[in-house]
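A.B. asks: Pasting a predicted model and its sequence here:
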Amino acid sequence: MKKLKFSGREMAVLRAIDFSIGSSGSEIIERTNIQPDEVTDIVNGLMELGFVETNPHVQHVEPFALFDTQFEINPSYAHDLKDALLRR
């Protein structure tokens, strides 16, 4: 697989999501100190690429629903994402 490269903010969001149980939007904001609108854009981008999923599944997260949405790492990419986060 091709090496995965992420921006610093994408890396911060990925690190904020618990790989085993996931994290809510409010937990991600608290752990990263990134503005909610920016977190919304970042998770939507990661969802489009398939790296992050929501529970329950939605295609696009709206800013008003961010805080209560549960985000999880896609298990298909978990190993590759961990490697990418460790490389940086």
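C.D. replies: Received it, and whenever you're ready, just let me know what you need.

A.B. asks: going forward, measure contacts and count neighbours with C-alpha atoms only.
C.D. replies: Fine.

A.B. asks: And stretch 37-53, what's buried?
C.D. replies: Residues of stretch 37-53 classed as buried: 39-44, 46-47, 51-53 (neighbour count, 16 or more other C-alpha atoms under 10 Å).

A.B. asks: Kindly apply the preceding question to stretch 25-34 instead.
C.D. replies: 25, 27-29, 32.

A.B. asks: can the residues you listed go into JSON lines with extra columns for distance to E10?
C.D. replies: Shown next, in JSON lines, are the buried residues of stretch 25-34 (distance: C-alpha to C-alpha, whole Å):
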{"residue": "G25", "distance to E10": "14"}
{"residue": "E27", "distance to E10": "15"}
{"residue": "I28", "distance to E10": "11"}
{"residue": "I29", "distance to E10": "12"}
{"residue": "T32", "distance to E10": "10"}
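
A.B. asks: Run the chain-centre distance for the worst-scoring helix or strand of the chain on mean pLDDT.
C.D. replies: One helix or strand of the chain scores below all others by mean pLDDT, DSSP states H and E: helix 78-87, with a mean of 88. With C-alpha atoms, centre = their mean, to the nearest Å as the basis, helix 78-87 stands 13 Å off its chain's centre.

A.B. asks: residue contacts, Q35?
C.D. replies: I29 (C-alpha atoms under 8 Å, 6 or more residues apart in numbering).

A.B. asks: Give me the local confidence score for it.
C.D. replies: On pLDDT, Q35 comes in at 96.

A.B. asks: same thing with K2?
C.D. replies: Confidence for K2, expressed as pLDDT, is 66.

A.B. asks: Right, I'll leave it there.
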